[in-house]
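In: Got a predicted structure plus its sequence, pasted below:
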Amino acid sequence: MPTLNAVDPTPEQIKAFLSHQKADEPVFMLNLLKFKEKASYDDGEDISGREAYYRYASAFGKMVQAQGVETIFGGSANAFLIGQGDGEWDAVAIVKYPNAQAMFDAVSSDEYRKIHKHRRAGLAGQLLISCDGGGVF
């Protein structure tokens, strides 16, 4: 099955995310991120996509901190130990939300709209996977 990096969800994906059987439980969002080499700001600011995304991530973390949202992990993707790929991802993050609706509300807010430009400027694409805390091990 081919992997498809995207920047925004489809309406069908949003519906499935919000109606998932464990949507009312804490949700862990696994972010696999691919940055643009150069950010694409309307004013032509010359910074890397990683730097632009960092602006977004930093502002987003501050925005949702009081809502019980927690960054569990964030770091660069370095090397494949198992499997292979074409360097699809530059970074990985896991963010915990109280539930799916809290995540959706955060990214639908007016405050979010003000910082989203940094995400769009820096991000070439991502996989954003909703995970529950049911445990595999």
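Out: Great, that's in hand.

In: Which residue lies nearest the spatial centre of this protein?
Out: What sits nearest the mean C-alpha location of the chain, by CA atoms, centre = their mean, is residue 31, with 4.5 Å.

In: what sits against that residue?
Out: Contact analysis of residue 31 by CB atoms under 8 Å, 6 or more residues apart in numbering lists 91-95, 126-128. Using the backbone N, CA and C atoms, a C-beta is placed for each residue, glycine as well.

In: Could you give the average pLDDT over the one helix or strand it maps to?
Out: Using DSSP states H and E, residue 31 sits within strand 27-35. Averaging pLDDT along strand 27-35 gives 96.

In: any idea of the angle the lengthiest helix in the chain forms with strand 27-35?
Out: When the chain is parsed with DSSP state H, its longest helix is helix 49-64. Angle, helix 49-64 to strand 27-35, by axes from the mean of the first three to the mean of the last three CA atoms, to 10 degrees: 160 degrees.

In: Now helix 49-64: buried residues?
Out: For helix 49-64, a neighbour-count test (16 or more other CB atoms under 10 Å) marks 49-57, 59-60, 63-64 as buried.

In: Let me have these in a markdown table, extended by distance to residue 99.
Out: Shown next, in a markdown table, are the buried residues of helix 49-64 (distance: CB to CB, whole Å):
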| residue | distance to residue 99 |
| --- | --- |
| 49 | 30 |
| 50 | 30 |
| 51 | 32 |
| 52 | 29 |
| 53 | 25 |
| 54 | 27 |
| 55 | 27 |
| 56 | 23 |
| 57 | 21 |
| 59 | 22 |
| 60 | 18 |
| 63 | 17 |
| 64 | 13 |
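
In: just the strands in the chain please.
Out: 27-35, 70-76, 91-97, 123-131 (DSSP state E).
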